[in-house]
Each structure stands twice: as structure tokens, then as C-alpha cells.
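> My questions concern the predicted model and sequence given below.
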Amino acid sequence: MKNFTYYTPTKILFGKGSESETTKLLREFGATRVLLHYGEGSAVRSGLLARIEEMLKEAGIAYVTLGGVKPNPRLSLVHRGIALCKKEQVDFILAIGGGSVIDSAKAIGYGVANPGEVWDFYERTRMPVACLPVGCILTIAAAGSEMSDSSVITNEEEGKKRGCHSDFSRCKFAVLNPELTCTLPAYQTASGCVDILMHTMERYFNQEENMELTDGLSEHLMRTVIKCAKLLKDDPNNYNARAEVMWAGSLSHNGLTGCGTGSGDWAAHQLEHELSAMFDVAHGAGLAAIWGSFARYVCGDCLPRFVRFASQVHQIGIQDPQAAAESREAQKALALAGIEAMEDFYRSIGMPVSIHELGIDLTDGQIDLLAERCSYGQTRTIGAMKKLAKDDMANIYRAAR
Ligand code: NZQ
Ligand code: ZN
């Protein structure tokens with residue numbers, strides 16, 4: 001077992017009607033002038049934004065609003081948010097939405113609390129030393145930003161999507177009412193489930209020693225999300241399934257499923273971020289489109305984990321684990337069966353398993369550009385199971401085409 005640090009300072013309010021506690025939470029964290037930050041319209045259509053505004057007025061908490069956050073949130077709106085917060089002397093940002101809104105709120109928080117250009121933190125030429133406090137009312141279970149230390153922003157002028165990680169940006173509180181996710185289109189629900197699974201899979205597939213407790217938690221989380229994603233396909237108002245998925249989304253990316261097992265692989269995420277930067281696809285759907293090809297490319301270097309994934313998550317080969325362990329060929333066959341089972345699951349919830357199924361037909365030139373960007377101009381490798389250089393990245397994009 002590896003040493004680890006586990007830090008999850010976010011206060012969680014979970015369950016039906018929990019957003020009614022929002023002003024109490026804002027007061028608890030010292031908010032006096034709030035930016036209400038939201039997306040392209042779902043929070044307006046559902047009436048959630050109006051309800052929150054009403055609560056703030058009743059509580060006498062001053063606020064300004066900034067909507068319009070797009071999925072794969074843009075740097076230009078972050079700049080607008082920073083200027084607005086400075087002008088209005090905002091001291092707390094309340095994100096109402098999903099990962100994109102929360103990430104945009106965190107970026108605005110960095111921009112207000114630190115001098116200079118906020119994009120530097122995403123290019124990692126400087127590190128932030130503070131962040132305006134951020135809280136959230138989550139409306140989609142997916143990215144896990146409500147409890148993570150990350151924020152992912154797209155610089156639309158440069159065609160780059162980059163993440164910034166620091167504890168300063170962790171949400172002070174997160175209101176998680178699963179009912180708020182019932183208005184999601186089926187595609188977004190499914191895409192969110194893929195992302196939740198991937199946040200645990202990125203940590204689960206590693207070359208380190210393992211921790212039995214963490215592996216068990218991870219496997220149960222994956223089985224639960226797979227089961228609930230299938231339930232939600234036919235029964236989108238199933239509260240318990242919504243609730244399981246929502247809590248899994250937070251636990252999957254707050255560090256719990258990485259305790260004792262190292263820092264994870266994260267290559268699939270890096271490959272996907274270039275795809276969504278170039279083609280603006282939903283992050284979870286992009287992950288589903290790439291993962292099978294990626295997994296087949298690297299599984300030979302990490303067979304024991306893929307065999308365990310097949311047996312513990314997809315119940316393949318558990319009848320005779322001894323026989324499964326006997327030869328490398330048998331292990332490889334089990335690993336591939338586990339990967340196929342995962343792709344079958346993705347198909348069953350309407351997710352793509354190739355880039356073509358995402359609606360994109362990649363040219364050779366685009367593959368080269370994606371790999372060039374993902375390797376930061378051939379200055380880095382990605383992945384822990386297998387170190388992937390630019391050529392490997394291109395091979396994976398080509399196989400996923
Ligand atoms: O903009 P609105 O109108 O609100 O619509 C959104 C958006 O179109 C819609 N939506 C959200 N809640 C809804 C709803 N529609 C109906 N009813 C509701 N209750 O769903 C769409 C997707 O929203 P978005 O916030 O983009 O989804 P998600 O939470 O998947 O966030 C994706 C972003 O998070 C980043 C991704 O790269 C992507 O940019 N990630 C952030 C991470 C982090 N900060 O820790 C980690 C992840 O790996 C990921 O990279
Ligand atoms: Zn993700």
C-alpha cells in the first residue's frame with residue numbers, strides 16, 4: 001500500500017429539497033455579495049435559478065448573475081466573470097449547474113484572488129496561491145468537480161483544454177439533490193455515468209501495489225453505477241438510482257478510490273480532453289468513444305488489473321480464477337472479454353464506442369494534430385500502465401477512429 005493524503009473539506013448536503021438550505025450555507029461561509037453562475041438555460045427552465053434568487057432576496061444577501069457557461073467552459077466567459085466579480089466586489093461564487101459551471105466558477109475564483117492572467121494556472125507556468133470561495137448546487141452527476149481539486153477550462157482562441165489542480169478551489173459546500181438531475185436528457189445522464197466510472201477506472205488501473213479496501217470500494221462503485229445507469233435509461237425518474245449515481249460521482253473524484261494505490265493512469269482523460277477541445281463533444285461520451293481502443297492498447301502491460309476488472313466488475317471468469325491465472329494467453333483473453341463487456345455496457349446506454357459514433361470522421365491530419373497537442377508538442381508522455389508518447393497516442397486515436 002502506498003502512502004497517501006486524503007483531503008475532502010467540502011460540506012455536503014445530500015437529498016430531496018436540500019437546496020432550501022442554500023442561504024444558511026452561504027451565511028455559514030461568510031458570503032455577503034454572491035455571484036450566481038450558471039449554464040446555458042437548464043437552471044432557468046427548471047425554475048431552480050429563480051428559486052435561489054428568491055431565497056437570497058429573502059435572506060438579504062446581495063447577488064449578481066452570470067449565465068451562459070457552455071459545456072467545455074470557455075476562457076472568455078471566465079474573463080468576463082473575473083471583471084464582474086471585481087467590479088461588484090463579490091466575495092463568494094455560487095455555481096448552479098454541472099462540472100462546466102463549477103469549473104468556470106473555480107477559474108473566476110482564481111482570477112479574482114490572484115494577480116495576472118488566469119490562463120497561466122492552466123498552462124502551469126504559475127501556481128495559484130488563493131481562490132475566492134466557491135460553493136455549488138449540482139444539477140448533473142458527472143465530472144465530480146463538486147468535491148475535486150480540479151477545474152478544466154477551454155482556451156477557445158488557442159484550441160487548448162487544460163486543467164488546474166489545487167486545494168484552494170475545492171468547493172466550500174455542495175448541495176446534492178438527486179431530484180434536480182431528473183430533467184437531464186438521457187444522453188447527458190449516460191455521459192455523466194461514463195465519466196463517473198472513468199474517474200474510478202483511471203485510479204483502479206495502475207501498476208502500483210494495491211489496497212484491498214480501496215479496490216473493493218472501487219469495484220462496488222463501478223458495479224453500482226453500471227446497474228443504475230441501465231435502470232435510468234428506462235426509468236429516468238428513479239430517485240434511488242439518481243441518488244446512487246450522484247453520490248458515486250462525488251466519491252469517484254474526491255480521492256477516495258485512489259487511496260493507497262498511487263496517483264492513477266489518467267491517459268484516457270488526457271486523450272479525451274484533446275478531442276473535446278477540438279470537436280466540443282460531451283466529455284463522458286468522448287471517454288466512452290476512446291476507452292476500448294485505449295484499453296486494448298495498454299492491457300498487455302497491466303494484465304492482472306484487467307483480469308480483476310473482468311471478474312469483479314463484469315463477473316467474467318470468476319468460476320475458475322485459478323485456471324484464469326494459469327497462462328498469459330488465458331489472462332489476455334479474460335482482459336479482452338472485460339473490455340468488450342464494458343463496451344457492450346456503453347452501447348446499452350446509448351454511448352459511442354468509436355470516434356465515428358461520436359459523429360466525427362477523423363482525418364490523418366487531425367489524428368496527428370490531436371497527438372501533437374496531447375503530447376504538448378512531443379515534450380511529454382502520458383499514462384502510468386504504459387507510458388504513451390505521441391506515436392502511441394496517434395495509434396490509439398487511429399484505432400478508435
Ligand atoms: O448549460 P445548461 O443549460 O445548464 O445544460 C447543461 C449542459 O448542456 C446540461 N444540464 C446540466 N444539468 C441539467 C442539464 N440539463 C437538464 N437538466 C439538468 N438538471 O448538461 C450539459 C452538460 O453539462 P456540463 O456541466 O458540461 O456537464 P459535466 O458535469 O459533465 O461537466 C463537463 C465538464 O467538466 C470537465 C469536463 O472536461 C467538461 O469540461 N471535467 C471536470 C473535472 C473536474 N473539475 O474535476 C473532471 C472531469 O474529468 C472533467 O474533465
Ligand atoms: Zn472526467
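Structure's in. What do you need? Ligands and ions are numbered 1, 2, ... in the order given.

> mind exporting stretch 97-113 as PDB, just the C-alpha atoms?
The C-alpha trace of stretch 97-113 is given here as PDB (Å, rounded to 0.1, in the frame of the first residue of the first chain):
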ATOM      1  CA  GLY A  97     -25.100  23.500 -12.700                       C
ATOM      2  CA  GLY A  98     -22.600  20.800 -13.600                       C
ATOM      3  CA  GLY A  99     -18.900  20.400 -14.000                       C
ATOM      4  CA  SER A 100     -18.600  23.100 -16.600                       C
ATOM      5  CA  VAL A 101     -20.300  25.700 -14.400                       C
ATOM      6  CA  ILE A 102     -18.300  24.700 -11.300                       C
ATOM      7  CA  ASP A 103     -15.000  24.700 -13.200                       C
ATOM      8  CA  SER A 104     -15.800  28.100 -14.700                       C
ATOM      9  CA  ALA A 105     -16.600  29.400 -11.100                       C
ATOM     10  CA  LYS A 106     -13.300  28.000  -9.800                       C
ATOM     11  CA  ALA A 107     -11.400  29.700 -12.600                       C
ATOM     12  CA  ILE A 108     -13.200  33.000 -11.900                       C
ATOM     13  CA  GLY A 109     -12.300  32.500  -8.300                       C
ATOM     14  CA  TYR A 110      -8.600  32.100  -9.200                       C
ATOM     15  CA  GLY A 111      -8.700  35.100 -11.400                       C
ATOM     16  CA  VAL A 112     -10.100  37.300  -8.700                       C
ATOM     17  CA  ALA A 113      -7.900  36.100  -5.900                       C
END
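
> Report the spatially closest residue to residue 270, excluding sequence-adjacent ones.
Nearest residue to residue 270, sequence neighbours excluded (Cβ to Cβ, 6 or more residues apart in numbering): residue 382, at 4.5 Å. All C-beta spots, glycine's among them, are computed from the backbone N, C-alpha and C.

> neighbours of that neighbour, just the number please.
Around residue 382 there are 21 other residues, counting by other Cβ atoms under 10 Å.

> in the strand or helix carrying residue 395, what counts as buried?
Per DSSP states H and E, residue 395 falls inside helix 390-400. By 16 or more other Cβ atoms under 10 Å, the buried positions in helix 390-400 come out as 390, 392, 393, 394, 395, 396, 397, 400.

> my read: the third one touches residue 272, true?
Going back to what we said before, that points to residue 393. No. At 11.5 Å, residue 393 does not count as touching residue 272 under the criterion of Cβ atoms under 8 Å.

> Could I get the average pLDDT for the helix holding residue 395?
Average pLDDT, helix 390-400: 98.

> Quick check, the residue in the stretch 251-400 of the chain closest to ligand 1?
Of all residues in the stretch 251-400 of the chain, residue 283 sits closest to ligand 1, at 3.8 Å by Cβ to the nearest ligand atom.

> how near is that residue to residue 268?
Distance, residue 283 to residue 268, by Cβ to Cβ, to the nearest Å: 11 Å.

> and if you look at residue 244?
23 Å.

> Quick one: the strands in the stretch 51-200 of the chain, in order.
62-66, 92-97, 134-138, 150-155, 160-165, 173-176 (DSSP state E, counting those that start in this stretch).

> Please tell me the pLDDT value assigned to the residue sitting nearest the centre point of the chain.
Geometric centre of the chain, nearest residue: residue 143, 2.7 Å, by Cα atoms, centre = their mean. As summarised for this prediction, residue 143 has a pLDDT of 98.

> Report the contact partners of it.
Contact analysis of residue 143 by Cβ atoms under 8 Å, 6 or more residues apart in numbering lists 98, 99, 100, 102, 103, 152, 192, 195, 249, 253, 283.

> The first one: neighbour count?
Around residue 98 there are 28 other residues, counting by other Cβ under 10 Å.

> Please tell me I have it right and it contacts residue 39.
Yes. Assessed by Cβ under 8 Å, residue 98 is found in contact with residue 39 at 7.2 Å.

> Quickly list what's touching both of these two.
Taking Cβ under 8 Å, 6+ apart as the criterion, residue 98 and residue 39 both touch residue 71.

> How much space separates residue 53 from residue 191?
In this view, residue 53 and residue 191 are 29 Å apart by Cβ to Cβ.

> More neighbours: these two, which one.
Using other Cβ under 10 Å as the criterion, residue 53 and residue 191 rank with residue 191 on top: 27 against 13.

> In terms of helices and strands, where is the nearest residue to that one once chain neighbours are set aside?
Excluding the flanking residues, the one nearest residue 191 by Cβ to Cβ, 6+ apart is residue 284, at 3.3 Å. Assessed by DSSP H and E, residue 284 sits inside helix 283-298.

> Give me the buried stretch members for whichever helix or strand comes after that helix, please.
Counting by DSSP H and E, the element after helix 283-298 in chain order, helix or strand, is helix 303-314. Buried residues in helix 303-314, counted by 16+ other Cβ under 10 Å: 305, 306, 307, 308, 309, 310, 311, 312, 313, 314.

> now the nearest residue to the fifth one once chain neighbours are set aside, what's its secondary structure?
It stands for residue 309. The shortest distance from residue 309 to any non-neighbouring residue, by Cβ to Cβ, 6+ apart, is to residue 338 (5.0 Å). Using DSSP: H, G, I helix; E, B strand; the rest coil, the three-state assignment for residue 338 comes out as helix.

> How about the one 3 residues further on?
Of the three states, residue 341 takes helix according to three-state DSSP.

> if we can go back for a sec, closest to ligand 1 out of the strands of the stretch 51-200 of the chain?
With Cβ to the nearest ligand atom as the criterion, ligand 1 lies closest to strand 150-155 of the strands of the stretch 51-200 of the chain, at 3.5 Å.

> can the closest one be found next to ligand 1?
Yes. Interface with ligand 1: strand 150-155 contributes 150, 151, 152 (Cβ under 6 Å from any ligand atom).

> do the same with stretch 14-28
No. Stretch 14-28 stays clear of ligand 1 (Cβ under 6 Å from any ligand atom), getting no nearer than 11.9 Å.

> who touches that stretch?
Here stretch 14-28 makes contact (Cβ under 8 Å, 6+ apart) with 11, 13, 34, 48, 51-52, 55-56, 58-59, 61, 92, 94, 135, 137, 172-173, 175-180, 239, 243, 246-247.
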